[in-house]
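Visitor: How does the following fold in three dimensions:
(one chain, ligands or ions: 1)
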Amino acid sequence: MVNPLNVEGANPFEIAQEAATQIAKISGISTHDIALTLGSGWAKAADLIGETVSEIPGSEIIGFSKPAVVGHVGTIRSIRLPNGKHALVIGARTHFYENHGVRSVVHSVRTAAAAGAKTMILTNGAGGIKPEWAGGAAVLISDHINLTASSPLEGATFIDLTDLYSKRLRDLARTVDASLDEGVYVQFRGPHYETPAEVQMAKIMGGHIVGMSTALEAIAAREAGMEIMGMSLITNLAAGIQTTPLSHAEVLEAGRNAEARIGKLLAEIVTKL
Ligand code: HPA
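Guide: Residues are numbered from 1 along each chain as shown. Below is the predicted model:
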């Protein structure tokens, strides 16, 4: 199937608007207030934050593709929160390493904005540079370093990224769990995990978390004017910090072990938004 986002002359914002219109039609919810992208380990939160109004396979919505990775969920859910607000929960994340282009990577974020969302919660499973995060810590993202050598912004679109990850939302998250630590997320292209030398580079640069998703999405969310919260589940210590080899199986297992705990945490945060 041809991805319309990659067709020459396509306008990614118009396609996102069309996707939002499709979601509104299928779900019967015309406006969503907040959106969440649920990465590795976070899927359970969708069951805990409210009542599912509609669950749509990503493949039914324009511009979304099937998940390329075992353990990633390919659906878009419309959920009614206990406070009456509506959340759009995106399990159909496209990663930069899938080579569908950066427009595809941020299509879900642009669709969420077109669906009305003013708040974007981006979650992921990631490697931790701080040894005290071993064992599945949930960590707030305070800032990022984008090492993908790419941007979702096209042309002379100069966007301020100061306070990209909202301090207000980080403070709000800490009213739910005062012990939440925070760190700088470093996005690598992947799909290989980093080498120990790359992890040391990230650390020297000021990074604390290494991953393959969130930074590009956050930039697009800021362009769309949304307030952003980022959270990582530390599924493993980063290469060379942990002495054992990294594996996707380990990442998935850490996600399974943490999902009830972090799902509940996220559900409590979302009700306070
Ligand atoms: N590096 C990059 N991405 C990841 C990691 C990691 O160590 N763990 C889970 N996703």
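
Visitor: Counting by contacts, list what the helix or strand containing T175 packs against.
Guide: T175 is located in helix 167-176, with elements delineated by DSSP states H and E. In this structure, helix 167-176 makes packing contacts with strand 138-146, strand 227-237, helix 248-271, judged by 3 or more Cβ pairs under 8 Å, 6 or more residues apart in numbering; DSSP states H and E. Glycine gets a C-beta too; all of them are placed from N, C-alpha and C.

Visitor: what pLDDT, on average, does the second one get?
Guide: When you say that, I think you mean strand 227-237. Here the mean pLDDT over strand 227-237 is 97, rounded to a whole number.

Visitor: can you check the shortest one too?
Guide: Per-residue pLDDT values over strand 138-146 give a mean of 98.

Visitor: List the neighbouring strands of it plus their orientation.
Guide: strand 181-187 (parallel), strand 227-237 (antiparallel) (DSSP bridges).

Visitor: Can you tell me which of those is nearest to V105?
Guide: Counting by Cβ to Cβ, V105 lies closest to strand 181-187 out of the strands paired with strand 138-146; the figure is 10.6 Å.

Visitor: just for the stretch 51-200 of the chain, where's the confidence low?
Guide: Within the stretch 51-200 of the chain, the ranges that satisfy pLDDT under 70 run 66-73.

Visitor: Residues of it that sit close to the ligand?
Guide: When proximity is defined by Cβ under 6 Å from any ligand atom, the stretch 51-200 of the chain lies next to the ligand at G125, A126, G127, Y193, E194.

Visitor: switch to 8 Å and redo it
Guide: Taking Cβ under 8 Å from any ligand atom as the test, the list of the stretch 51-200 of the chain residues beside the ligand reads N124, G125, A126, G127, G128, F188, G190, Y193, E194, V199.

Visitor: circling back: in the helix holding T175, which residues are buried?
Guide: Neighbour-count burial for helix 167-176 flags L169, R170, A173, V176 (criterion: 16 or more other Cβ atoms under 10 Å).

Visitor: Deepest-packed of the helices and strands packed on helix 167-176, please.
Guide: Greatest average neighbour count among these goes to strand 227-237 (a mean of 26), per mean count of other Cβ atoms under 10 Å.

Visitor: what ranges do the helices span in the stretch 1-150 of the chain?
Guide: Under the criterion DSSP state H, counting those that start in this stretch, helices of the stretch 1-150 of the chain are mapped to 12-27, 45-48, 102-105, 107-114.

Visitor: I'd like these written out as a markdown table, with mean neighbour count and distance to G135 added.
Guide: Shown next, in a markdown table, are the helices of the stretch 1-150 of the chain (neighbours: other Cβ atoms under 10 Å; distance: least, Cβ to Cβ, whole Å):
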| stretch | mean neighbour count | distance to G135 |
| --- | --- | --- |
| helix 12-27 | 18 | 37 |
| helix 45-48 | 20 | 19 |
| helix 102-105 | 22 | 30 |
| helix 107-114 | 28 | 30 |
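
Visitor: Please convert these to CSV, extending it with distance to A35.
Guide: Supplementary listing: these in CSV, determined by distance: least, Cβ to Cβ, whole Å:
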stretch, distance to A35
helix 12-27, 10
helix 45-48, 12
helix 102-105, 15
helix 107-114, 3
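
Visitor: Residues touching stretch 18-27, excluding its own?
Guide: The contact list for stretch 18-27 (Cβ atoms under 8 Å, 6 or more residues apart in numbering) reads 29-32, 53-54, 56, 60-64, 76, 78, 88, 107, 111-112, 114-116.

Visitor: which phi and psi does N11 have?
Guide: Phi and psi for N11, reported as degrees, to the nearest 10, are phi -110, psi 110.

Visitor: still on that earlier bit, I'd like to know which of the contacts of stretch 18-27 are buried.
Guide: When neighbours are counted using 16+ other Cβ under 10 Å, those contain these buried positions: 29, 32, 56, 61-64, 76, 78, 88, 107, 111-112, 114-116.

Visitor: from the residues of the stretch 51-200 of the chain next to the ligand, which single one is nearest the ligand?
Guide: Set against the ligand, the nearest of these by Cβ to the nearest ligand atom is G127 (2.2 Å).

Visitor: and that closest one, bridged to which residues?
Guide: Each beta-bridge partner of G127 is listed here: V210, N236, as defined by DSSP bridges.
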